[in-house]
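Participant: heads up, no residue letters with this:
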């Protein structure tokens, strides 16, 4: 199932990540699910955004993710 995130949701989610200290690729990639508890105001949509963003960083597909053209596990068109 392909899910597209709005740029507004991505921006708000990234702001929360950065404020919680996850402000580099290395820190985001090292982040564990338990670390999400440290950010008390995350919605389920924001948690899914973080998971997908983490995968985009790992796969070097950040621009594709931000533009909405990110397909998990596949090359973007």
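Facilitator: Everything's here; your move. As the structure is a computational prediction, the values presented were derived from the model and not from experiment.

Participant: Residue 23: what's it in contact with?
Facilitator: Counting by C-beta atoms under 8 Å, 6 or more residues apart in numbering, residue 23 makes contact with residue 17. Glycine gets a C-beta too; all of them are placed from N, C-alpha and C.

Participant: Would you mind giving me the confidence score for it?
Facilitator: Reading off the confidence values, residue 23 has pLDDT 94.

Participant: That one sits in which helix or strand?
Facilitator: Using DSSP states H and E, residue 23 maps to neither a helix nor a strand.

Participant: Could I get the phi/psi values of it?
Facilitator: phi -120, psi 10 (degrees, to the nearest 10).

Participant: let's number from 42 now, not from 1
Facilitator: Happy to do that; since the first residue is 42 now, the last one works out to residue 64.

Participant: ok, it to residue 109 distance?
Facilitator: As judged by C-beta to C-beta, to the nearest Å, residue 64 and residue 109 stand 23 Å apart.

Participant: ok, the residue nearest to residue 91 when sequence neighbours are not counted - contacts?
Facilitator: Leaving out its chain neighbours, the residue that sits closest to residue 91 by C-beta to C-beta, 6 or more residues apart in numbering is residue 54, at 6.2 Å. Contacts for residue 54 (C-beta under 8 Å, 6+ apart) come out as 83, 87, 90, 91, 94.

Participant: is it possible to export those to CSV including neighbour count and distance to residue 101?
Facilitator: Conversion of the contacts of residue 54 to CSV gives the following (neighbours: other C-beta atoms under 10 Å; distance: C-beta to C-beta, whole Å):
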residue, neighbour count, distance to residue 101
83, 18, 25
87, 20, 23
90, 23, 18
91, 23, 17
94, 20, 13
